[in-house]
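**Student:** sequence and predicted structure are below.
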Amino acid sequence: MLAKSNGWKEAIFITTHHVSLVQLAQHGDEQAFYQLIEQEQHKLYRMAYVYVQNENDAVEVFQQTIIRAYEGLPQLKEPHYFSTWLTRIIINVCKTYIAKKNTVQLVEPHTLEDFTSTTPTYIEEELDLWHSLCKLEEKYKTVLLLRFYQDYSVKDIAAILQYPEGTVKTNIRRGLQALRQQLKGAYIDEWVQSVERGH
């Protein structure tokens, strides 16, 4: 569940039970830590796979993220920010890993989603969109990935990337403009208009 404007600022809301697990994990309870990771692992792995494009690298990025999170957890001052904090870690690990591997390729969406019920034309359009997204500058690619493929709100993205909300909105807008320049036709216009209405 994503946070609303209820005083949690940019934090992603997690239940009181989750907060208790975070606090236990901060005091060395490994079982509590593993429970937290189990709840987040699908999202974390998917994010890693999108960036590094193959299973082995995604697993390595995931493992590095877990190690960093475990080591850094005692320094997390606000347990309610756990999910935001964890997502920030895996993005940073992905970027570092990609820089070392020199493979700035994002996996195509049909390897992540089930497109069996979609038409070939739709798949082709999705792949065109994805390839264009891959060509964007890192700052635009990251915010669009978080906003439209991970469904984070602007506030959540600002918390994850530690950017002002205005900067996130600007990068989303400029990223969409860059996509418009690369992709022509009714499809991209319709897609951009729909996602712009979404925030």
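**Tutor:** Right, received. Where do you want to start?
**Student:** confidence score at the most centrally placed residue in the chain?
**Tutor:** Centroid-nearest residue in the chain, with C-alpha atoms, centre = their mean: residue 146, separated by 4.0 Å. According to the prediction, residue 146 has pLDDT 84.
**Student:** who's in contact with it?
**Tutor:** By C-beta atoms under 8 Å, 6 or more residues apart in numbering, the residues touching residue 146 are 87, 152, 156, 157, 160, 161. For the C-beta atoms, the positions are set from N, CA and C on the backbone; glycine is no exception.
**Student:** just the element for the third one, please.
**Tutor:** Secondary structure assignment for residue 156, by DSSP states H and E: helix 154-161.
**Student:** by contact count, what packs against that helix?
**Tutor:** Here helix 154-161 touches helix 82-101, helix 138-144, helix 165-182, going by 3 or more C-beta pairs under 8 Å, 6 or more residues apart in numbering; DSSP states H and E.
**Student:** quick check: angle from that helix to helix 82-101?
**Tutor:** Inter-element angle recorded for helix 154-161 and helix 82-101: 60 degrees (by axes from the mean of the first three to the mean of the last three C-alpha atoms, to 10 degrees).
**Student:** quick one: helix 154-161 to helix 165-182, angle?
**Tutor:** Interaxial angle, helix 154-161 versus helix 165-182 (the same axes, to 10 degrees): 100 degrees.
**Student:** from the chain's centre, how far out does helix 154-161 sit?
**Tutor:** Computed by C-alpha atoms, centre = their mean, to the nearest Å, the chain-centroid distance of helix 154-161 equals 10 Å.
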